[in-house]
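Chemist: give the three-dimensional model of this entry:
(chains A, B and C)
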Amino acid sequence: MNPARRQRLILILIAVTLFTVSVILLLIANRHQVNLFYSPTDIVEGEAPYDRSFRAGGVVVHDSVWRDHETLAVTFTVSDTINEVTMSYVGILPDLFKEGQGVVATGHLDDSGVFRASEVLARHDENYMPPEVARALEEAHRRGRITDSQLDTIREN
Amino acid sequence: MGYFDSFSDFIRMGNHGVFVWSVYGITVFTILGHWLGLRLQKRRLVTEMQRLKKRGQL
Amino acid sequence: MAFSMTPVWRWFHRWTSPPNFYRIARPWALGLMLVGGVALLVAWIWGLVFAPEDYLQGNSYRIIFVHVPSASASLAMYLSMAILAVISLVWKIKLADMVLRQCIPVGLTLTALALISGAIWGRPTWGVYWIWDARLTSMLVQLFLFIGMWAIHTAIEQQKLADKATAILVLVGFVNLPIIKWSVDWWNTMHQPATIRITGETTMVWEMLAPLLLSMAATYCVVAALVLYRTRWEILYRERKTRWVQDELGLRGQA
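Modeler: Numbering: from 1, shown residues only, chains lettered A, B, ... in the order given. Here you go, the predicted model:
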């Protein structure tokens, strides 16, 4: 390679790398502005706003969903495996709302620390499998034949 | 047929038919559009060059 | 000894000469289009008719056989364009600019298709067509980048300047590529993390994964064929003043 070309190549690669790395570092440093929602840990640690509405999300905890069949009111707990937040909502939940799956809700915190949601969206995981496989896995899990972490490992295969 | 019990089940896609079929429809439409675009690109080139040739600009 | 004198370099120069590439691109384009077209049809029938439904999403997940291939091909397209942009700026190889120019409309289409199919998929699963999370927003930025490249190349009349400006825009926009790819890992988003992973476990059963992989391979073939076809016309247009192009189009000896 002739020296002029070599120099041009090196300069271009340095410029592209530095620009790319700095923009990404800037965005990662401003994590809270880029994140779509606050996690239960963010909320427990007081990083979420108290005075205005915001988005909160996490995985719906098993056996935490309580429904009032007369008023369409529902409460459930979401977790990020470290902390938990209780959410309450009145209305029709999305089809994919399910224990063990994610939700992203818009709303605000009330004085008792309950998140009052005005909109609930369902977030699904990256696992794809037929219903009968999912049923067999859950059955085995329920009977204690496989643990949570084993369930995750099998799902991933 | 295949995974589905009947043809109407296949079309209905468990009430998600309108979403699934619109995506596949848009995709087919896009592929056809690109194929047409290719033919247009060639025809435009040939007519443009014949025009230049006539003017003696080639 | 200077590299520009070696036989490899001379061979490379001859191979990338527009008349040579114009000739060898045709059988490749034809073959890739045929193989890709048939494979895509098989993959779609497999995915729509024979693959089982998903335990959570039911049949709406079948959109994946369009969504993931087009999104993945659009990212691969951008990466190829960045490499072409470097080649164009450093080595000034004419062919790189011609291919780069014709990658723009194909990349634009793939990005738009990924966004539209994703939006339609979002409604029955998440409950909304659109949400401003990091993955969706960065993909929209990629669409704007493709529109920007097209606009800048069209707006600048002088060919060399237009090629240079486009190549620079591609490299400036390169930052968006890792952001799209890893947005779902770096930030919390509505979009779920990747299902197919090169390192680590792929989280999909084989009956669904097989048609997905086939539709991805088919899409890559069709996309490559489209770029080759388009590049051939770009070569003819840019070399229109040469004898070989006028011979090719049967214009010599006329008038």
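Chemist: all the helices of chain A, residue numbers only.
Modeler: A:3-29, A:31-34, A:40-44, A:131-142, A:148-156 (DSSP state H).
Chemist: most neighbours per residue, which of those?
Modeler: Mean neighbour count, computed with mean count of other Cβ atoms under 10 Å in any protein chain shown, is highest for helix A:40-44 among the helices of chain A, reaching a mean of 20. For the C-beta atoms, the positions are set from N, CA and C on the backbone; glycine is no exception.
Chemist: could you check the pLDDT of the residue lying closest to A:A134 once chain neighbours are set aside?
Modeler: Spatially, and ignoring its direct neighbours in sequence, A:A134 is nearest to C:Y55 (3.4 Å; Cβ to Cβ, 6 or more residues apart in numbering or on different chains). Note on C:Y55: pLDDT of 92.
Chemist: isn't C:Y55 right next to A:P131, touching?
Modeler: Yes - C:Y55 is in contact with A:P131 according to Cβ atoms under 8 Å; the separation is 4.5 Å.
Chemist: is stretch A:70-85 up against chain C anywhere?
Modeler: No - Stretch A:70-85 lies apart from chain C when judged by Cβ under 8 Å from any Cβ of the partner chain; the minimum separation is 9.1 Å.
Chemist: from C:W44, how far off is B:V46?
Modeler: The spacing between B:V46 and C:W44, counted by Cβ to Cβ, to the nearest Å, is 34 Å.
Chemist: with C:I24 instead?
Modeler: If you go by Cβ to Cβ, the gap between C:I24 and C:W44 works out to 30 Å.
Chemist: tell me which of these two has more neighbours.
Modeler: Shown here are C:I24 and C:W44; by other Cβ atoms under 10 Å in any protein chain shown, C:W44 has more neighbours (20 against 11).
Chemist: which residues sit in contact with that one?
Modeler: With contacts defined as Cβ atoms under 8 Å, 6 or more residues apart in numbering or on different chains, C:W44 is in contact with B:24, C:65, C:211, C:215.
Chemist: which one (most neighbours) among these?
Modeler: Among the contacts of C:W44, the one with the most neighbours (other Cβ under 10 Å) is C:F65, at 28 neighbours.
Chemist: and the residue lying closest to it once chain neighbours are set aside, helix, strand or coil?
Modeler: Leaving aside its chain neighbours, C:F65 sits nearest to C:G47 (3.9 Å; criterion: Cβ to Cβ, 6+ apart). Here C:G47 is helix, with the state taken from DSSP: H, G, I helix; E, B strand; the rest coil.
Chemist: C:A224 reaches C:L32, doesn't it?
Modeler: Yes - counting by Cβ under 8 Å, C:A224 touches C:L32, with 5.2 Å between them.
Chemist: the closest residue to C:L251 other than its chain neighbours: how many residues sit nearby?
Modeler: Closest residue in space to C:L251, ignoring its immediate chain neighbours: B:K53 at 5.3 Å, by Cβ to Cβ, 6+ apart. Counted with other Cβ under 10 Å, the neighbours of B:K53 add up to 17.
Chemist: show me what from chain B comes close to chain C.
Modeler: So chain B meets chain C at B:1-4, B:10, B:13-17, B:19-20, B:22-24, B:26-27, B:30-31, B:34, B:37-38, B:41-42, B:45-46, B:49-50, B:52-54, B:56, B:58 (Cβ under 8 Å from any Cβ).
Chemist: and stretch A:8-19, C-alpha only, in PDB?
Modeler: What follows is stretch A:8-19, C-alpha atoms only, in PDB (Å, rounded to 0.1, in the frame of the first residue of the first chain):
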ATOM      1  CA  ARG A   8      -5.800   8.000   4.600                       C
ATOM      2  CA  LEU A   9      -7.000   4.500   5.700                       C
ATOM      3  CA  ILE A  10      -5.600   4.900   9.300                       C
ATOM      4  CA  LEU A  11      -7.100   8.400   9.600                       C
ATOM      5  CA  ILE A  12     -10.600   7.300   8.500                       C
ATOM      6  CA  LEU A  13     -10.600   4.300  10.800                       C
ATOM      7  CA  ILE A  14      -9.500   6.400  13.800                       C
ATOM      8  CA  ALA A  15     -12.100   9.100  13.000                       C
ATOM      9  CA  VAL A  16     -15.000   6.500  12.600                       C
ATOM     10  CA  THR A  17     -13.900   4.600  15.700                       C
ATOM     11  CA  LEU A  18     -13.600   7.600  18.000                       C
ATOM     12  CA  PHE A  19     -16.900   9.100  16.800                       C
END
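Chemist: got the contact list for it?
Modeler: Taking Cβ under 8 Å, 6+ apart as the rule, stretch A:8-19 contacts A:1, C:82, C:86, C:89-90, C:171-172, C:174-175.
Chemist: recalculate using a threshold of 7 Å.
Modeler: By Cβ atoms under 7 Å, 6 or more residues apart in numbering or on different chains, the list of residues contacting stretch A:8-19 from outside reads C:86, C:89-90, C:171, C:174-175.
Chemist: please list the residues of the stretch 151-255 of chain C that sit near chain A.
Modeler: C:171, C:174-175, C:178-179, C:186-190, C:192-195, C:201, C:203-205, C:208 (Cβ under 7 Å from any Cβ of the partner chain).
Chemist: no more questions from me, cheers.
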